[in-house]
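Chemist: Provided below for reference: sequence and predicted model.
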Amino acid sequence: MKNVTQCIPVLMYLMTNSTRDENCIQNGAFKICTNRDRLVHVNSTGNHDKQLKLNASSFNSIASYTFDELAINTLELLNYWMTNDSSPRVISLNKKSFIGLNDVRSLKLDGVHFSEGSLKTGSENPMKYLESLWHLRLSRVNLLNFNPAFFMSFPKLEGLELINTNTLVISPETFKGVSETLLKLRITDAIRDIKAKSFAKFPKLEILQLNGSQLTQLSPGIFTGLNQLQYLDLSSNGITTLSRNIFQLPRLRTLDLHGNALSTLEPHVFFNLNLQFLDLSFNQLRLLPPQVFSDLQHLEKLNLSNNQIMSIPTQFFPDQIRLRNLDLSHNKISLIEPAAFYGLNLQSLNLQFNPIKVLGNYAFFNLRISEILDLSPMNIVEIRPQAFRGLLAKLLKLCHPDRTKIFEIWATTKGAIVEIMYNKCSDSTAHGFQDSVKTWESVRNPIFTKQQAALDPFEGTEFDGLGDGYKMGQQRHRGLLGHQLNSEELFDDQLEDALWKLGHQGMIRRPLGQREFFEDQGEFPGGQVDDDEFNLHQLDPWLSMNSGHRLGQNHRSNMRHSLTY
């Protein structure tokens, strides 16, 4: 009894000094307490936050029962002070450090790893309390220091991310213990080589990301066993070649190869794939061999931008392909062979930033585009008369930034909106698009139409702002006809004789809106024109009903060309 009495003051002293050295801070919904370099306790302050982030640079060990009063599902240990030249923070654990974390689903370690002596097996393993873990992310750690038993501690793990975890070689033994349950595996900026059959025991894996590393080649059999894989990311490596049978992945839907060093592709390299999305952008591809995409009948999106492709051969794409989006921008394409896109039914085709000087006849023959064909900005010098024959598109963007010579273009895309706004197109023949183009958007272009100039006494005058002129002309139409016209009436086949005559007047001179625009700007050639010159009644003697109807139809076509709102 005497010995116990003597010990009490000593215990009180130790407890008092222990409390005195304790430092607590408020971190969001949590009160975090450390004692010198040791994390001793974390309490929730009552707002039921489920995610806990800890600055691991402030401690180097975790005491027993530190988290025993928490109900969190995400734990992050982050080394905020780690630099590229510093080493990861080493945290020591004991077998009861993680008591209370049975509901944690996600564990993230950034610049932190556990000391080798802390990762024991069996009943001494502190990780056994993380048995419900679904997702594990390790970044900026030295994976070579991790005991293989570490991964075997998580029987329910579905997602594993290794980011900048030093250069390592992947082998069949690397992920022993978790491969059977993984659905997603991401290894970024960490791989030097992958041995054959490294993923042979990943029966459930659906997403595999191996991007941003030092891979230069893919060994045969590297993807053996990945029968459920749907997404494969091999981007931003240094891959130079792809062997024909490298991809034996029947369920793969997305293949990302952007940012590699591919200069060529073998025919049928994508054999036995059912891809929907293929990204080959930012490589060094020059020539695309015939039938390189012939096996990809289900492909919907193909990105070939930022390569060195020089031409598109005739009927290059297979007839059965379901392609919807095709990106060929930022290449060196100078020639599009006739019917290069034959049979495609796209939503969009991007040819921006290619050195195409001449757009030859039938370049887009039998091509359907439900949204946009974008040919801007490019330095197209000449567009041949039949360049757009057989093209069906909703929006066609032309010209920019230099002067483009557009010949009389006939039989072009049906129902299209042709946009050459804010460019420097000249010698454009708008009549070449009549009967096929719904809207001709030409604001801020010095359009000069030769056919009109031949009929115009003010030949050679360039004009600007056709859309603005049309609006003014429409108001004048209403004043002349004595009633309000809506847009449907303007395009109605049953227009009144007066508007037919006005259509004739627009064809003989220029569209009335054009004249109104110049008058408004005080720039109409020859000064102000007397209204008597444009008196509709003066046209009666030589304008019959039939010719008026025909010319009125032409006028409506003109109005469609100039309609920009």
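Modeler: In hand now; what should we look at?

Chemist: ranges for the helices of this protein?
Modeler: Per DSSP state H, the chain has helices spanning 2-20, 450-455, 466-481, 487-490, 497-508, 512-521, 545-562. These are given in chain order.

Chemist: hmm, residue 369 is touching residue 397, no?
Modeler: No - Residue 369 is not in contact with residue 397 according to CB atoms under 8 Å; the separation is 11.3 Å. For the C-beta atoms, the positions are set from N, CA and C on the backbone; glycine is no exception.

Chemist: what about those two, which has more around it?
Modeler: residue 369 (25 against 22; other CB atoms under 10 Å).

Chemist: what's the spacing between the residue lying closest to that one once chain neighbours are set aside and residue 381?
Modeler: In this structure, residue 369 finds its nearest non-sequential neighbour in residue 393, 4.0 Å apart by CB to CB, 6 or more residues apart in numbering. Separation of residue 393 from residue 381 (CB to CB, to the nearest Å): 22 Å.

Chemist: and for residue 90?
Modeler: According to CB to CB, residue 90 and residue 381 sit 66 Å apart.

Chemist: in terms of neighbours, single out the busier of the two.
Modeler: residue 90 (17 against 13).

Chemist: can you pull up the bridge partners for that one?
Modeler: residue 113 (DSSP bridges).

Chemist: residues contacting it?
Modeler: By CB atoms under 8 Å, 6 or more residues apart in numbering, residue 90 lies in contact with 60, 113-115.

Chemist: keeping just the C-alphas, turn stretch 370-388 into CSV.
Modeler: Only the C-alpha atoms of stretch 370-388 are listed here, as CSV (Å, rounded to 0.1, in the frame of the first residue of the first chain):
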residue,chain,number,x,y,z
SER,A,370,-25.4,16.9,-89.1
GLU,A,371,-23.7,19.8,-87.3
ILE,A,372,-20.5,21.5,-88.4
LEU,A,373,-17.9,21.3,-91.1
ASP,A,374,-15.2,23.7,-89.9
LEU,A,375,-12.7,25.0,-92.4
SER,A,376,-11.7,28.0,-90.5
PRO,A,377,-9.2,29.4,-89.8
MET,A,378,-7.2,28.3,-92.8
ASN,A,379,-5.3,29.9,-95.7
ILE,A,380,-7.4,28.4,-98.5
VAL,A,381,-6.5,30.2,-101.7
GLU,A,382,-9.0,28.5,-104.0
ILE,A,383,-12.2,26.5,-103.8
ARG,A,384,-13.0,24.6,-106.9
PRO,A,385,-16.6,24.7,-108.4
GLN,A,386,-17.5,21.2,-107.4
ALA,A,387,-15.7,21.1,-104.0
PHE,A,388,-18.9,20.8,-102.0
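
Chemist: now do the buried residues in it.
Modeler: Within stretch 370-388, the residues that count as buried by 16 or more other CB atoms under 10 Å are 372-376, 378, 380, 383-388.

Chemist: and the two most separated of these?
Modeler: 372 and 385 (23.0 Å; CB to CB).

Chemist: returning to what we had before: out of the contacts of residue 90, what pair is the most spread apart?
Modeler: Among those, 60 and 113 lie farthest apart (CB to CB), at 11.7 Å.

Chemist: between these two, which is the more surrounded one?
Modeler: residue 113 (25 against 15).

Chemist: number of residues surrounding residue 332?
Modeler: Residue 332, neighbours per other CB under 10 Å, totals 14.

Chemist: hmm, it is touching residue 351, no?
Modeler: No - in this structure residue 332 lies outside contact range of residue 351 using CB under 8 Å: 11.9 Å.

Chemist: model confidence score at residue 105, please.
Modeler: We have a pLDDT of 96 for residue 105.

Chemist: which parts of the stretch 151-300 of the chain are strands?
Modeler: Using DSSP state E, counting those that start in this stretch, the strands of the stretch 151-300 of the chain run over 159-163, 168-170, 184-188, 191-194, 207-209, 231-233, 254-256, 277-279.

Chemist: what about the second one, average pLDDT?
Modeler: Spelled out, that is strand 168-170. Here the average pLDDT along strand 168-170 is 84.

Chemist: direction included, what does that strand pair against?
Modeler: Here, using DSSP bridges, strand 168-170 pairs with strand 191-194 (parallel).
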